[in-house]
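# Here's my sequence, what's the structure:
(chains A and B, ligands or ions: 3)
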Amino acid sequence: MKLTLRVWRQKNAGAEGAMSTYEVDGISPDMSFLEMLDVLNERLILAGEEPVAFDHDCREGICGACSLVINGDAHGPERTTTCQLHMRSFRDGDTIDVEPWRASAFPVIKDLVVDRSAFDRIIQAGGYVTAPTGSAPEAHATPVPKADADFAFEHAECIGCGACVAACPNGAAMLFTSAKVNHLNVLPQGAPERETRVLDMVAQMDAEGFGGCTLAGECATACPKGIPLVSITSMNKEWLRATRKAAGGR
Amino acid sequence: MARTVWDSTVGKKTVMAVSGVIMLLYLVAHVIGNLKIFFGAGEFNHYAHWLRTVGEPFMHYEWTLWLVRIVLVAAVAAHATSAYQLSRRDLRARPSKYVHKKPRASYATRTMRWGGVILGLFVVWHILDLTTGTAHPGGFQEGHPYQNVVDTFSTWYGNVVYIVAMLALGLHVRHGFWSAAQTLGVGSRTRDRALKTLANVLALLLTAGFVAVPVGVMTGVVS
Ligand code: HEM
Ligand code: SF4
Ligand code: FES
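Numbers count the residues shown, from 1 in each chain, chains lettered A, B, ... in the order given. Ligands and ions are numbered 1, 2, ... in the order given. Model prediction:
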């Protein structure tokens, strides 16, 4: 395959960025999108040019490190991570636009790499359980109803990639935060921090400068793990419950 | 508690949802009242007079009406203030646009902000036109709402402003009602279809009901 790439190049956080055009040839439809960028970078390095910086780690769809807005879609045209997107999703001769996640809470560090440590701080604010460490507890010690276990597991699938923020017209982090809150709030292990978790994580989310939710639904469409929009509704419910409790209500 | 609610994006959104639902309930009552215009000047003017006597003898003349007005003004103020502050924040959170553009979200969702501004301006004009009479075409007659309504909808601009605003209202309610359910945590996977249908039905009935009045005047059914 022969492709024309228009890639966002930006020297560093303070520099102005712009789209640069590159031609790449000899791309196999079986390559992943990141392998295609590897091919481009090899050529750039051989030509003595600066390679395109992009984030990646596991390359098997589980770590959440890869990003990229491809032709306006976070993680590209398929509902998967960029590392699991294959070139067969494109056609020979296509022009492909590649941009970084865009949100003021995710500043660009270089080219396509953004700083997602705001997510880490949201997790630090409450995305944990207080539990004695040591050997694994007996599995039947704390029974969890099947429906709750499924609900927790569905939300535990979030890999923290940030595609939801990238896709949201308001740069909101509600889908990510709701996945983390719901995952722990439904479980008995998460019960001791049930109220502080949701209040603190939402407060941290606001402090990081993410926008608010307007229920546009773009986040859930972009999410490679299929976290549903209604997760935000569940988090809102938890937030209202915790606020009532903090005020001395039931 | 009030501070923590107002300082949070989720809290401000709750204020927006609650004030929106209050206005929505009022509009349902309002549209039912308006439709009495099709039963003649007698019934319509009598209904308007009754609005001022609601709650008597417990309430004094017009007390209930003023109570409703105060609640509504508070709702509009709370709704518009939270909408303004949240919108500012949203725009700041996404300062640079993608080079590769594509339409995002549905029409009703994208028009919430401008639609809201249109509704806000409409409310001001509407009160100056038919409540205080300040901006009324021709002689405003206190206590004769039937004639005042006919006068307003006998002007082309009265019809245009009103119908445009009611279409904006339909779109606003379509996304707003469903959104409010999510904000207040009453939406769920199993209820989603029912809530979306209810939002559409409500939007359609409100818009059709309100628009029926200027159409009635234009076609001579009401004169
Ligand atoms: C003063 C004029 C108004 C302004 C400036 C305004 C503005 C807005 C904005 C910006 C939103 C949020 C949109 C979003 O989340 O995407 C909203 C939501 C909403 N509006 Fe309005 N609006 C106005 C009048 C009304 C009226 C008259 C009603 C009554 C039918 C209404 C009902 C709602 C509801 C129910 C919501 C949903 C709240 C939520 O998202 O949880 N609004 N409004
Ligand atoms: S909710 Fe989905 S899109 Fe958002 S961070 Fe988690 S996995 Fe990524
Ligand atoms: S590189 Fe780990 S999910 Fe894509």
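
# do the helix or strand containing residue B:80 and chain A meet at all?
Using DSSP states H and E, residue B:80 sits within helix B:63-93. Yes: residues of helix B:63-93 are located near chain A by CB under 8 Å from any CB of the partner chain, namely B:86, B:89-93. Quick note: C-beta positions are derived from backbone N, CA and C, even for glycine.

# buried stuff in the top helix by length along chain A?
For chain A, the helix that runs over the most residues, judged by DSSP state H, is helix A:230-246. Within helix A:230-246, the residues scored as buried using 16 or more other CB atoms under 10 Å in any protein chain shown are A:230-243.

# Which neighbouring elements make contact with that helix?
helix A:174-185, helix A:194-207, helix B:2-7, helix B:9-34, helix B:156-183 (3 or more CB pairs under 8 Å, 6 or more residues apart in numbering or on different chains; DSSP states H and E).

# rerun at 7 Å
In terms of contacts (3 or more CB pairs under 7 Å, 6 or more residues apart in numbering or on different chains; DSSP states H and E), helix A:230-246 is packed against helix A:174-185, helix A:194-207, helix B:9-34, helix B:156-183.

# In a markdown table: those helices, plus mean neighbour count and distance to residue A:54.
What follows is the helices and strands packed on helix A:230-246, written out as a markdown table (neighbours: other CB atoms under 10 Å in any protein chain shown; distance: least, CB to CB, whole Å):
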| stretch | mean neighbour count | distance to residue A:54 |
| --- | --- | --- |
| helix A:174-185 | 27 | 20 |
| helix A:194-207 | 21 | 26 |
| helix B:9-34 | 19 | 31 |
| helix B:156-183 | 20 | 34 |
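
# quick one on the thing from earlier: relative to helix B:156-183, how tilted is the longest helix of chain A?
80 degrees (axes from the mean of the first three to the mean of the last three CA atoms, to 10 degrees).

# Give me the distance from helix A:230-246 to the chain's centre.
22 Å (CA atoms, centre = their mean, to the nearest Å).

# same check, this time on stretch B:92-105
On the basis of CA atoms, centre = their mean, stretch B:92-105 is displaced by 30 Å from the centre of the chain it belongs to.

# quick one: is that stretch near ligand 1?
No: using CB under 6 Å from any ligand atom, stretch B:92-105 stays clear of ligand 1, coming no nearer than 8.6 Å.

# Repeat that for stretch A:227-238.
No: using CB under 6 Å from any ligand atom, we find that stretch A:227-238 stays clear of ligand 1, coming within 9.0 Å at best.

# could you give the mean pLDDT of that stretch?
The average pLDDT within stretch A:227-238 is 98.

# ok, residues contacting that stretch?
A:155, A:157-158, A:174-175, A:177-179, A:181-182, A:185, A:198, A:213, A:217, A:220, B:10, B:182-183, B:185, B:187-189, B:192 (CB atoms under 7 Å, 6 or more residues apart in numbering or on different chains).

# Only alpha carbons, please: show that stretch as CSV.
The C-alpha trace of stretch A:227-238 is given here as CSV (Å, rounded to 0.1, in the frame of the first residue of the first chain):
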residue,chain,number,x,y,z
ILE,A,227,-17.6,1.5,28.5
PRO,A,228,-21.2,2.6,28.0
LEU,A,229,-22.5,6.2,28.3
VAL,A,230,-24.9,5.1,31.0
SER,A,231,-21.8,4.6,33.3
ILE,A,232,-21.8,8.4,33.6
THR,A,233,-25.5,8.2,34.8
SER,A,234,-24.4,5.6,37.4
MET,A,235,-21.6,7.9,38.6
ASN,A,236,-24.0,10.9,38.8
LYS,A,237,-26.2,8.8,41.0
GLU,A,238,-23.3,7.9,43.3
